[in-house]
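Student: Next comes the sequence, and after it the predicted model I'd like to discuss.
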Amino acid sequence: MGFKVEWGLARLVAIRDVADGIRQFDIQPDFSVPAYGPGSHIQVQVLINGQPDVRHYSLVGEPDDRLLRIAVKRLPDSRGGSVYMWGLAPGARLTISAPLNHFDLSAGRPDYLLIAGGIGITPLYAMARALARRAAPVRLLYGVRRAADLAFAEELRALLGDRLRVFVDAEGQTMDFAAELASVAPGGEVYSCGPAPMMAAARQAWQALGRPASDFRLETFGAGGGTVAQPFVARVPRLDLEVTVRPDQTLLSALQEAGADLMYDCRRGECGLCALDVLDVSGGRLDHRDVFLSDHQKAEGHQMCVCVSRATGGTVTLDTGHRTS
């Protein structure tokens, strides 16, 4: 059972490619959109192998009274969401949620550092625009594998000037997290979105500086683990369930399809509501893809966030405990 989400119909009015493999979708809702801030996202109902599912996409730019804009990266190991979105053409009808925000931007801080990796630029682009409009002190570090992967680069350069720094892996450019984070003014905040290893490295550098954990904010898009997704078996003895989890589906959705009524909310590995106890793992290992559990908890392997995390094969045995209805 998830938290209440307001759904409505919408129409896709325009698409444009903003980088190699990244496409922007301009969506016109049929309903009145409530006010929302930077860091907000919408949920979109998609079809994966003919079955309904839901994907979360950050809203790009600042609020518009007519359109909601998202950007979607076509992933080679996609579970089907990006493939579905890229198959849409202007005029397509969609079912979307009203904007939600688990990554809201604070006001009045003396300094802001934004750290983006790849498609993680989408919520931070909105934050950069809002902070620049407020004349707030802000810098943006933007890392990509190739220069062709840069999305909204021209807009960001015009917005931030030399406060934007781009790092291209293929050109040997890397972020020095220790130095960059040390330069954040006391009381300043860091916002990060991108691949889990990048965010983990930045957060560890922040902790090593002795800075408050509450001043480091991050958002994950629930993609990319340590390995390419493989099928595995999940057993829940308490519910007398055994399911095979396909590479293109989450453990949470597989358990739900089998009749399990589980708690969840974000579906991106951030909130921890879906975390279940792990009783045993055989024939594989856990592939933690969340940012809720600490590194120590992941190493212990006693829990996993079933909305994004997986096993690399074999069988994982879980206990829902009090989390069933």
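Tutor: Nice, thanks for sending it over. These numbers were taken from a predicted model, which means no experiment stands behind them.

Student: Where does the prediction get shaky in the stretch 151-300 of the chain?
Tutor: By pLDDT under 70, the weakly predicted segments of the stretch 151-300 of the chain are 221-227.

Student: just the helices in it please.
Tutor: For the stretch 151-300 of the chain, the helices defined by DSSP state H, counting those that start in this stretch occupy 153-160, 177-182, 196-208, 251-257, 295-300.

Student: Take the fourth one, keep the C-alpha atoms, and write them as PDB.
Tutor: Right, helix 251-257. C-alpha atoms of helix 251-257 as PDB (Å, rounded to 0.1, in the frame of the first residue of the first chain):
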ATOM      1  CA  LEU A 251      11.100  -7.400  -6.800                       C
ATOM      2  CA  LEU A 252       8.300  -5.300  -5.400                       C
ATOM      3  CA  SER A 253       6.200  -5.600  -8.500                       C
ATOM      4  CA  ALA A 254       6.800  -9.300  -8.700                       C
ATOM      5  CA  LEU A 255       5.600  -9.800  -5.100                       C
ATOM      6  CA  GLN A 256       2.600  -7.600  -5.700                       C
ATOM      7  CA  GLU A 257       1.600  -9.600  -8.800                       C
END
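
Student: who touches that helix?
Tutor: By Cβ atoms under 8 Å, 6 or more residues apart in numbering, the list of residues contacting helix 251-257 from outside reads 53, 234, 236, 241, 243-246, 262, 264, 267, 274, 304, 306-307, 309-310. (Glycine included, C-beta is placed from N, CA and C.)

Student: try it again with 10 Å
Tutor: 48, 51, 53-54, 79, 232-234, 236, 239, 241, 243-246, 249-250, 260-262, 264, 267, 274, 276, 304-311, 316, 318, 320 (Cβ atoms under 10 Å, 6 or more residues apart in numbering).

Student: cool, the last one as well?
Tutor: The list of residues contacting helix 295-300 from outside it, by Cβ under 10 Å, 6+ apart, reads 200, 203-204, 275, 278, 286-288, 290, 292-294, 303-305, 309.

Student: quick one: it to chain centroid distance?
Tutor: Put simply, helix 295-300 sits 21 Å off its chain's centre (Cα atoms, centre = their mean, to the nearest Å).

Student: Which members of the contacts of helix 251-257 occur in strands, if any?
Tutor: 48, 51, 53-54, 232-234, 236, 241, 243-245, 276, 304-305, 310-311, 316, 318 (DSSP state E).

Student: which of the contacts of helix 295-300 are buried?
Tutor: Buried residues within the contacts of helix 295-300, defined by neighbour count using 16 or more other Cβ atoms under 10 Å: 203, 275, 278, 286-288, 290, 292-293, 303-305, 309.

Student: Need those residues in JSON lines (columns: distance to Arg163).
Tutor: Formatted as JSON lines, these follow (distance: Cβ to Cβ, whole Å):
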{"residue": "Arg203", "distance to Arg163": "22"}
{"residue": "Ala275", "distance to Arg163": "38"}
{"residue": "Val278", "distance to Arg163": "44"}
{"residue": "Leu286", "distance to Arg163": "40"}
{"residue": "Asp287", "distance to Arg163": "36"}
{"residue": "His288", "distance to Arg163": "34"}
{"residue": "Asp290", "distance to Arg163": "31"}
{"residue": "Phe292", "distance to Arg163": "31"}
{"residue": "Leu293", "distance to Arg163": "34"}
{"residue": "Gln303", "distance to Arg163": "40"}
{"residue": "Met304", "distance to Arg163": "39"}
{"residue": "Cys305", "distance to Arg163": "35"}
{"residue": "Ser309", "distance to Arg163": "36"}
